[in-house]
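Chemist: Need a 3D model of the sequence below.
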Amino acid sequence: MSTTTLRTPPAEEAPVPDASPRPARKRGERSRAGALASHSILTVASLIALFPIAWLVFLSLGPDKDDYLHPGRIWDTMTFDNYSFVLQHTNFFDWMKSSLIVSLGTTVIGVMVAATTGYAVSRMRFPGYRKFMWVLLVTQMFPIAVLIVPMYQILSDLQLIDSYLGLILVYCSTAVPYSAWLLKGYFDTIPFEIDEAGRVDGLSPFGTFFRLILPLAKPGLAVAAFYNFITAFGEVAFASTFMLDDSKYTFAVGLQSFVSEHDAQRNLMAATAVLVAIPVSAFFYLVQKNLVTGLTAGGTKG
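Modeler: Here you go, the predicted model:
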């Protein structure tokens, strides 16, 4: 009896997987489509933000006050005569001096008062310290129209009408409450151990504040300074009410001189607005490195 051996065909070899698989996307890493979409959105947003500025500069080059109605004509008639007229035949430099005095004075005094207030509430636990901060917040609820009459009476009694100091104090009364809240939140992010180390080294509370805390709070101080500067630089209602001499007008009030009951010299207003933006842009450039840090860090604790 013979036996037969069955031979099985060799098994087919399984395909070898790719030795170099596609690298996994890292956490937080975006795809090319996502990066392209985000860059496109940011580009469009930037163009939307820059368009009003470009339009203002474009209108400032038009020789006629009604060129805004026919902007196409400006291309053939562009001129810098508007800037020459503003610089030579208006009180532009008086407006600049007044604006800088009031804005810088508000910035220095307002930040100093707000910093000491925010630090005291952040570090000291005196009776009513929580209610004190809420009182500062409530003062921001009153509209300017309600405040003008009592403030005018107070400044009149103090003989500060038509004075830079009076206007600076008025602006500080509106800018300090918000700045104090902002700086209080930022001081909360600075460890309390730094204050204790200062006392161990023999520093007084004021020495600890000025020598240790303030250098660490530069980003928060930059945000408060920028807010105070912008508040004073662009305000109209208080400046037009409390400043009577046209040589003491700020930029915001000086722009009103180009508008009358039956006429508006919009080409001169546009040229003045462009010139006004120069000191604000310069101040922003000086503090912009600390703005983002100050805005984000001040909100980590409340």
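
Chemist: In the stretch 201-302 of the chain, mark out all the strands, start to finish.
Modeler: Using DSSP state E, counting those that start in this stretch, no strands are found in the stretch 201-302 of the chain.

Chemist: what's the answer for the stretch 51-200 of the chain, then?
Modeler: Per DSSP E, counting those that start in this stretch, the stretch 51-200 of the chain carries no strands over any range.

Chemist: so where's the stretch 201-302 of the chain shaky on pLDDT?
Modeler: Residues of the stretch 201-302 of the chain that meet the criterion pLDDT under 70 lie in 261-262, 289-302.

Chemist: For it, which segments count as helices?
Modeler: 205-208, 214-216, 218-234, 237-242, 251-254, 266-297 (DSSP state H, counting those that start in this stretch).

Chemist: Quick one: closest of those to Leu87.
Modeler: With CB to CB as the criterion, Leu87 lies closest to helix 266-297 of these, at 7.7 Å. Quick note: C-beta positions are derived from backbone N, CA and C, even for glycine.

Chemist: Let me know which of the helices of the stretch 201-302 of the chain is the nearest to Ile154.
Modeler: helix 237-242 (10.7 Å).

Chemist: So which bits of that closest one are buried?
Modeler: Phe238, Ala239, Thr241, Phe242 (16 or more other CB atoms under 10 Å).

Chemist: For Ala49, state which of these is nearest.
Modeler: Ala239 (27.1 Å).

Chemist: isn't that closest one right next to Gly166, touching?
Modeler: No. Using CB atoms under 8 Å, Ala239 is not in contact with Gly166; the gap is 10.8 Å.

Chemist: sorry, back to before: is it possible to get JSON lines of the helices of the stretch 201-302 of the chain that adds distance to Pro127?
Modeler: Shown next, in JSON lines, are the helices of the stretch 201-302 of the chain (distance: least, CB to CB, whole Å):
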{"stretch": "helix 205-208", "distance to Pro127": "18"}
{"stretch": "helix 214-216", "distance to Pro127": "26"}
{"stretch": "helix 218-234", "distance to Pro127": "26"}
{"stretch": "helix 237-242", "distance to Pro127": "34"}
{"stretch": "helix 251-254", "distance to Pro127": "41"}
{"stretch": "helix 266-297", "distance to Pro127": "29"}
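
Chemist: what's the closest of the ones you listed to Gly72?
Modeler: Comparing those by CB to CB, helix 266-297 comes nearest, at 15.3 Å.

Chemist: elements contacting that closest one?
Modeler: Helix 266-297 sits against helix 32-60, helix 81-89, helix 92-123, helix 164-187, helix 218-234, helix 251-254, with contacts defined as 3 or more CB pairs under 8 Å, 6 or more residues apart in numbering; DSSP states H and E.

Chemist: change it to 7 Å
Modeler: Applying 3 or more CB pairs under 7 Å, 6 or more residues apart in numbering; DSSP states H and E, one finds that helix 266-297 contacts helix 32-60, helix 81-89, helix 218-234.

Chemist: Pull the distance from that helix to the chain's centre.
Modeler: 8 Å (CA atoms, centre = their mean, to the nearest Å).

Chemist: repeat for stretch 222-239
Modeler: With CA atoms, centre = their mean as the basis, the mean position of stretch 222-239 lies at 9 Å from the chain mean.

Chemist: Repeat that for stretch 189-206.
Modeler: Mean-position distance between stretch 189-206 and its chain equals 31 Å (CA atoms, centre = their mean).

Chemist: Just the terminal-to-terminal distance for it.
Modeler: 19 Å (CA to CA, to the nearest Å).
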